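>>> fold the following for me, if possible:
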Amino acid sequence: MTRLPTVEDVALAAGVSRQTVSNVLNTPGIVRASTRERVEAAIAELGYRPHMAARRLRTRRSSTIGIHLDPYAGGISGVVLDRFVHALTEHAGARGMRIQLYAARSPQEEIARMGELTEGGEIDAVVITGTFHGDPRTRWLADHGVPFVAFGRPWGDDDVEQPAHLWVDVDGAAGTRAATAHLLSIAGLRIAFLGWPDGSGTGDDRERGWREAMAAAHATGERLACEESVGRARAVTADLLTRSEVDGIVCVSDSLAIGAHLAASAAGRADLPVVGFDNTPAVEAIGISSVEQLPEQVAAGVLELLMGSSGRIVAPRATAAGEAHVLVEPRLVVR
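Numbers count the residues shown, from 1 in each chain. The predicted model follows:
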């Protein structure tokens, strides 16, 4: 059985004392930069992992990040958050951190769970998902001084230069802009957009990308809306095809894209190009193009904002303009 590396092994490899290695692990700010880099290089080379139970006793920290586990609701697009949670767990483990999942059925219930976990010392920080206008969770976390990062922007007047909190998000407008430009280049100028009802921050952002691409091409197309449902998307698209000439459809989600594709097939237009958003296994199986969110990059961005290169949770902090967010550009997958 291979022996695991110890603090003494790291100290010997870096040419420093055991106490210096301990300082780098627990209070890196007091260690000279050149020395810290030498120790960190030795840690990486040896694959050293601190003994977490002992570290928690020394630092009075749990080295644990809490994240809400959405209730199972079936459907198609929920797989994106599943991938994000898996990626976050893997990236956190590489940084010596753990992930604590908790369940809640409403923002108010989630606030109660976050309060229990932070007050009990079970978590040091929180990652929230599904942010929305006037989100009470972000206000509670800020008011109680709990370090957190959101997968989803604050949806304020200026989320980039003056953000209300640290956030990582997928550039939905960039994704639908690329999808629309692709359909304009292969299908024609009459590209419709099938989105959610107005008022959804994420949905409105994705609609913006379609509008920008259409305006740049001096093209026109209908904007349709329905709730997240394959059946409703199929009905709305079927109605569109009976009254309008359409060259292609960009959709706000894969669920709506599948509904649109089914309606087109039923109308004898199986070749009508449709693009979804999320690139789930469902659209891959059917052969529908879609925008890939890259949740693994989102997870890496969340931990970078939460921890940086310090190796530990960074307390809530003010940041310079434009430095409190990570915007991940998605990838168009053409099929």
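>>> CA only for contacts and neighbour counts going forward, please
Will do.
>>> and the next helix or strand past the helix or strand of the chain with the lowest mean pLDDT?
Each helix and strand of the chain was given a mean pLDDT (mean pLDDT, DSSP states H and E); the minimum falls on helix 52-59 at a mean of 46. Moving toward the C-terminus from helix 52-59, the next helix or strand (DSSP states H and E) is strand 64-69.
>>> that next one pairs with which strands, parallel or anti?
Paired with strand 64-69 in the same sheet, following DSSP bridges, are strand 98-103 (parallel), strand 125-129 (parallel).
>>> list the buried residues in the shortest one.
When you say that, I think you mean strand 125-129. Of the residues in strand 125-129, 125, 126, 127, 128, 129 count as buried by neighbour count, 16 or more other Cα atoms under 10 Å.
>>> same check on the longest one?
Using 16+ other Cα under 10 Å as the burial criterion, the residues of strand 98-103 that qualify are 98, 99.
>>> please identify which of the buried residues of strand 125-129 is nearest to residue 81.
Proximity of the buried residues of strand 125-129 to residue 81, judged by Cα to Cα, is greatest for residue 129, which lies at 8.5 Å.
>>> and that closest one, what does it touch?
Shown here is residue 129, whose contacts under the criterion Cα atoms under 8 Å, 6 or more residues apart in numbering are 68, 150, 151, 152.
>>> do that again at 10 Å, thanks
For residue 129, the set of contacting residues under the criterion of Cα atoms under 10 Å, 6 or more residues apart in numbering consists of 67-70, 81, 149-153, 167-169.
>>> now those residues in CSV, with distance to residue 213 and neighbour count?
As requested, the contacts of residue 129 are exported to CSV (distance: Cα to Cα, whole Å; neighbours: other Cα atoms under 10 Å):
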residue, distance to residue 213, neighbour count
67, 36, 22
68, 35, 19
69, 35, 17
70, 33, 17
81, 28, 16
149, 31, 27
150, 28, 21
151, 26, 24
152, 23, 21
153, 23, 27
167, 26, 29
168, 24, 26
169, 21, 24
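>>> now find how far off-centre stretch 195-213 is within its chain.
On the basis of Cα atoms, centre = their mean, to the nearest Å, stretch 195-213 is displaced by 18 Å from the centre of the chain it belongs to.
>>> I should have written stretch 267-283 there, sorry.
Relative to the mean C-alpha coordinate of its chain, stretch 267-283 is positioned 23 Å out (Cα atoms, centre = their mean).
>>> again with stretch 239-254
28 Å.
>>> and what of stretch 99-106?
Between the centre of stretch 99-106 and the centre of its chain there are 16 Å (Cα atoms, centre = their mean).
>>> swap in stretch 140-157?
Once both centres are worked out by Cα atoms, centre = their mean, stretch 140-157 turns out to sit 14 Å from its chain's centre.
>>> now stretch 226-241
Average the C-alpha atoms of stretch 226-241, do the same for its chain, and the two points are 27 Å apart (Cα atoms, centre = their mean).
>>> domains in the protein, by residue range?
Annotated domains of the chain cover 7-49, 64-170+295-329, 172-292 [automatic domain parsing].
>>> can you lay out those as CSV showing mean pLDDT?
Converted to CSV, the domains of the chain look like this (pLDDT from 0 to 100):
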stretch, mean pLDDT
domain 7-49, 86
domain 64-170+295-329, 83
domain 172-292, 96
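>>> any idea which of those domains is most buried?
domain 172-292 (a mean of 20; mean count of other Cα atoms under 10 Å).
>>> stretch 132-147: end-to-end distance?
End-to-end distance of stretch 132-147: 19 Å, with Cα to Cα, to the nearest Å as the criterion.
>>> centre of the chain to it, how far?
Between the mean C-alpha position of stretch 132-147 and that of its chain there is a distance of 18 Å (Cα atoms, centre = their mean).
>>> stretch 29-39 now?
Once both centres are worked out by Cα atoms, centre = their mean, stretch 29-39 turns out to sit 32 Å from its chain's centre.
>>> send the alpha carbons of that stretch over as CSV?
As requested, C-alpha coordinates have been extracted for stretch 29-39 and formatted as CSV (Å, rounded to 0.1, in the frame of the first residue of the first chain):
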residue,chain,number,x,y,z
GLY,A,29,-1.3,35.7,4.0
ILE,A,30,1.5,35.7,6.6
VAL,A,31,3.9,33.7,4.4
ARG,A,32,6.3,35.4,1.9
ALA,A,33,5.0,35.0,-1.7
SER,A,34,8.1,33.2,-2.9
THR,A,35,8.1,30.8,0.0
ARG,A,36,4.4,30.2,-0.4
GLU,A,37,4.8,29.4,-4.1
ARG,A,38,7.6,26.9,-3.3
VAL,A,39,5.4,25.1,-0.7
